[in-house]
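A.B. asks: kindly generate the corresponding structure for this input.
(one chain, ligands or ions: 1)
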Amino acid sequence: MKVSCAGGAYGGVRVKQMKIILLGPPGSGKGTQGAELSKSLHVPEISTGDMLRQAVAEKTALGQQVGDVINQGCLVPDDLIISVIEERISRSDCGHGFILDGFPRTIEQGEALEKVLPDSVDVVIYFNVSSEAVVARLAGRLTCRKCGAVYPKVDTSLCSVCGGDLYQREDDMTSTVLRRLELYREHTEPLVSFYREKGKLAEIDGEGSVEDIAQRVEEGIAQVLA
Ligand code: AMP
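C.D. replies: Next up, the predicted model:
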């Protein structure tokens, strides 16, 4: 990636902050690309799914409220997740921006975010991936219990990033994946038009190698900022 830091230049455009949303069906590669972008832009990647799973693992009040909802592949209520994200993006590590993975997931959440951010987000990267590819990817992936890194089902049972255990998320079982996809099409996909109308959308083909997709992401961001 040519530019390494929010507060620098991107594709020849000067930027003080970089507020990015990753939009796409579950399993479309948002987490993988978000982790790379976070390193190159020096802004935190905020995954609401990871935050909620951590709350469940730590048995916090929030975790106790959302555990069953997550395992069933349903959406947690808008007001709850909006307050979680508002608190998170107000922290000092978001001073130069952030990358949101998994939020917003409904038009109501998108509108709530617009109210909190007077100048809106900078770019929304939409990973366009077919339902068939999503089902194959999710049913065939393992997740690290400790750091959330994902792997295709492989012989090893340990994460090569942090050494944590790999497991299949309950909500990655095929029947639950189909429910998550249905919810995505009904509630989340309308956000594609919402952000396209605002001129913020970078639509990219989310199928192919990680490297090819990263290249498309870079070009997509530069185009929206130009
Ligand atoms: P993810 O890891 O992004 O697939 O999220 C896992 C689960 O967390 C989802 O299936 C939902 O149950 C819940 N979740 C995460 N983000 C949101 C959100 N923005 N709105 C509602 N539910 C969410």
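A.B. asks: measure the residue of the chain found nearest the ligand to V177 for me?
C.D. replies: Per CB to the nearest ligand atom, G49 is where the chain lies closest to the ligand, at 2.0 Å. From N, CA and C alone the C-beta is placed, and that goes for glycine too. Computed with CB to CB, to the nearest Å, the distance linking G49 and V177 is 14 Å.
A.B. asks: those two: who's more crowded?
C.D. replies: V177 (23 against 18; other CB atoms under 10 Å).
A.B. asks: pLDDT score for the more buried one?
C.D. replies: We note a pLDDT of 88 for V177 in this prediction.
A.B. asks: secondary structure element for the residue of the chain closest to the ligand?
C.D. replies: helix 48-57 (DSSP states H and E).
A.B. asks: now that helix: average pLDDT?
C.D. replies: Rounded mean pLDDT across helix 48-57 is 95.
A.B. asks: next structured bit after it?
C.D. replies: Next element after helix 48-57 (DSSP H and E): helix 61-71.
A.B. asks: for the record, mean pLDDT for that following helix?
C.D. replies: Per-residue scores along helix 61-71 average to 94.
A.B. asks: then stretch 99-116?
C.D. replies: pLDDT averaged over stretch 99-116 gives 97.
A.B. asks: which elements pack onto the helix holding G49?
C.D. replies: helix 61-71, helix 78-89, strand 97-101 (3 or more CB pairs under 8 Å, 6 or more residues apart in numbering; DSSP states H and E).
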